[in-house]
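**Student:** Predicted coordinates and the sequence they were generated for:
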Amino acid sequence: MPNTIPQAVTQELLEEKYQIGAARSLANYSFYIGATNTNLDEIKKTDKSRVCGVKIFAGSSTGNMLVDDPETLEGIFSECDHLIAVHSENEEIIRRNLEIFKQQFGDNIPMKAHPAIRSIEACFTSSEKLVNMAKRFGTRLHILHISTAEELALFRNDIPLKEKKITAEACVHHLWFDASDYDRLGGLIKCNPAIKEARHKQSILKAVLDGTVDIIATDHAPHTWEEKQNSYLQCPSGLPLAQHSLQMMLDFYAGGKITLEQIADKMCHAPAVCFKVKERGYIREGYKADLVMVDINKRYNVDKSNIYYKCGWSPLEGHRFSSTIISTYINGHCSYQEGAFFDEKMGERLLFDVA
């Protein structure tokens, strides 16, 4: 994502980020160029074969890169032939809701108010507007981290993914947590868009299985433990999820909610198709060997001793997974095995099969 320091909103800053990835990343990588209200010319310079897409924040989030100028938004949708990925929330509705809670609670807004502030209406109104705009201009649109059942009506499952111009993703936390978890986890699960009532995660999972939602992803945001202990207005949104995303879905498999084939499709095949990733996402001759070895019968307890994030915490601490990741191969190189990392080879920059 581009909402880092510095923000990846010019070709120069984006390339600096790629250089960091080449030097430090064990995983394969690609980065979005971020949209602002003033950088359309920079966006149009982006090489589609070497950059995964353009990222728009239609609602403010951590690192505030809000694109709220209607002319700018239409300019990006009409003039950019790249994949446009959008964080979809209506900022006006969010601000109105926040003001109501400020009047009631002052600076002591409870964390469980988050889904009421970043509401169903805020998500649906924004996504509906974006989908309609994409249809009008023929834009390749990808809506990130769907969090409401209502938004699902905006997407279709009657054509193959490779033919879709408008796609959607579900994040593991919107499938796993629900509003009842705020009492237990508070700011640890504060994220944008908000985790909402249980009916939404049930509907989103159903949409994943029937092809309405195209891929399963994470919205990994490793804020520090100290930052996440702040009160509602000072607590940053986002949670660390990349390490345990596969095990979360394998718990769903163990519970009979999804098949192994569906997990492989939604987390490997479909992302490669959706983003047109070159020679990855499938076990095929000539493709890069990006593989994970799993013991689906070996339980795994999450605690601080086996959390590998720099932030050092997880909202899943204390959970016992049904499976264990044994090893990870990246470009044919064993980069991880049973708690040990091997950095003799770094990951590679992803390339894309686009005209």
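**Tutor:** Good, I have the coordinates. Numbers count the residues shown, from 1 in each chain.
**Student:** so where do the strands sit in the stretch 1-150 of the chain?
**Tutor:** 33-34, 54-57, 84-87, 141-143 (DSSP state E, counting those that start in this stretch).
**Student:** contacts for the shortest one?
**Tutor:** Right, the one you point to is strand 33-34. By C-beta atoms under 8 Å, 6 or more residues apart in numbering, the surrounding residues in contact with strand 33-34 are 1-3, 7-9, 11, 14, 42-43, 46, 51, 53-55, 57, 65. Yep, even glycine has a C-beta here, placed from its N, CA and C like the rest.
**Student:** Please tabulate the strands of the stretch 1-150 of the chain in TSV and include distance to L291 as additional columns.
**Tutor:** Shown next, in TSV, are the strands of the stretch 1-150 of the chain (distance: least, C-beta to C-beta, whole Å):
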stretch	distance to L291
strand 33-34	30
strand 54-57	28
strand 84-87	26
strand 141-143	26
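**Student:** can I get the ones you listed in TSV with mean pLDDT and distance to P222?
**Tutor:** Putting those into TSV (pLDDT from 0 to 100; distance: least, C-beta to C-beta, whole Å) gives the following:
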stretch	mean pLDDT	distance to P222
strand 33-34	96	19
strand 54-57	94	18
strand 84-87	96	18
strand 141-143	98	23
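**Student:** Ok, which of those strands comes nearest L260?
**Tutor:** Taking C-beta to C-beta, strand 141-143 is the member of those nearest to L260, at 25.3 Å.
**Student:** Provide the strand pairings for the closest one, with the direction of each partner.
**Tutor:** Neighbouring strands of strand 141-143 in its sheet, by DSSP bridges, are strand 84-87 (parallel), strand 166-171 (parallel).
**Student:** who are the neighbours in contact with the spatially most central residue of the chain?
**Tutor:** In the chain, the centroid-proximal residue (C-alpha atoms, centre = their mean) is D219; its distance is 3.3 Å. Residues counted as contacts of D219 (C-beta under 8 Å, 6+ apart) are 144-145, 171, 173, 191, 238, 241.
**Student:** Kindly indicate the member of the residues you listed with the most neighbours.
**Tutor:** Using other C-beta atoms under 10 Å as the neighbour test, those are led by C191, with 27 neighbours.
**Student:** Spit out the contact partners of that residue.
**Tutor:** With contact taken as C-beta under 8 Å, 6+ apart, C191 is in contact with 173, 219, 221, 237-239.
**Student:** for this structure, longest helix please?
**Tutor:** Assignment by DSSP state H gives helix 120-137 as the longest helix of the chain.
**Student:** for that helix, which positions count as buried?
**Tutor:** Using 16 or more other C-beta atoms under 10 Å as the test for burial, helix 120-137 gives 120-128, 130-131, 133-134.
**Student:** Can you give the distance of it from its chain's centre?
**Tutor:** In terms of C-alpha atoms, centre = their mean, to the nearest Å, the centre of helix 120-137 is found 18 Å from the chain centre.
**Student:** avg pLDDT for it?
**Tutor:** Mean per-residue pLDDT for helix 120-137: 97.
**Student:** now for that helix, which elements pack on it?
**Tutor:** helix 70-79, helix 91-105, strand 141-143, strand 166-171 (3 or more C-beta pairs under 8 Å, 6 or more residues apart in numbering; DSSP states H and E).
**Student:** if we go to 10 Å?
**Tutor:** With contacts defined as 3 or more C-beta pairs under 10 Å, 6 or more residues apart in numbering; DSSP states H and E, helix 120-137 has these neighbours: helix 70-79, strand 84-87, helix 91-105, strand 141-143, strand 166-171.
**Student:** E348 is nearest to which of those?
**Tutor:** Distance to E348, taken as C-beta to C-beta, is lowest for strand 84-87 among the helices and strands packed on helix 120-137, at 21.2 Å.
**Student:** The closest residue to A179 other than its chain neighbours: neighbouring residues, count only.
**Tutor:** Excluding its sequence neighbours, the residue lying closest to A179 (C-beta to C-beta, 6 or more residues apart in numbering) is E197, at 4.9 Å. Per other C-beta under 10 Å, the neighbour tally for E197 reads 14.
**Student:** what's the pLDDT at E197?
**Tutor:** pLDDT, read off for E197, is 98.
**Student:** can you check T62 too?
**Tutor:** Predicted confidence (pLDDT) for T62: 55.
**Student:** so who does the closest residue to F275 other than its chain neighbours touch?
**Tutor:** Spatial nearest neighbour of F275, chain neighbours left out: C52 (5.6 Å); criterion: C-beta to C-beta, 6+ apart. Neighbouring residues of C52 by C-beta atoms under 10 Å, 6 or more residues apart in numbering: 29-33, 46, 82-83, 85, 142, 275-277, 350-352.
**Student:** please redo it, this time with the cut-off set to 7 Å
**Tutor:** 30, 32, 275, 350, 352 (C-beta atoms under 7 Å, 6 or more residues apart in numbering).
**Student:** Report the separation between the residue lying closest to the fourth one once chain neighbours are set aside and I146.
**Tutor:** Looking back up the chat, that one is L350. Distance criterion C-beta to C-beta, 6+ apart; nearest residue to L350, sequence neighbours excluded, is S30 at 4.1 Å. S30 sits 21 Å away from I146, going by C-beta to C-beta, to the nearest Å.
**Student:** low-scoring pLDDT stretches of the stretch 251-355 of the chain, where are they?
**Tutor:** Counting by pLDDT under 70, the ranges of the stretch 251-355 of the chain that qualify are 355.
**Student:** returning to what we had before: what's the closest of the strands paired with strand 141-143 to Q202?
**Tutor:** Closest approach to Q202 among the strands paired with strand 141-143 (C-beta to C-beta): strand 166-171, 11.8 Å.
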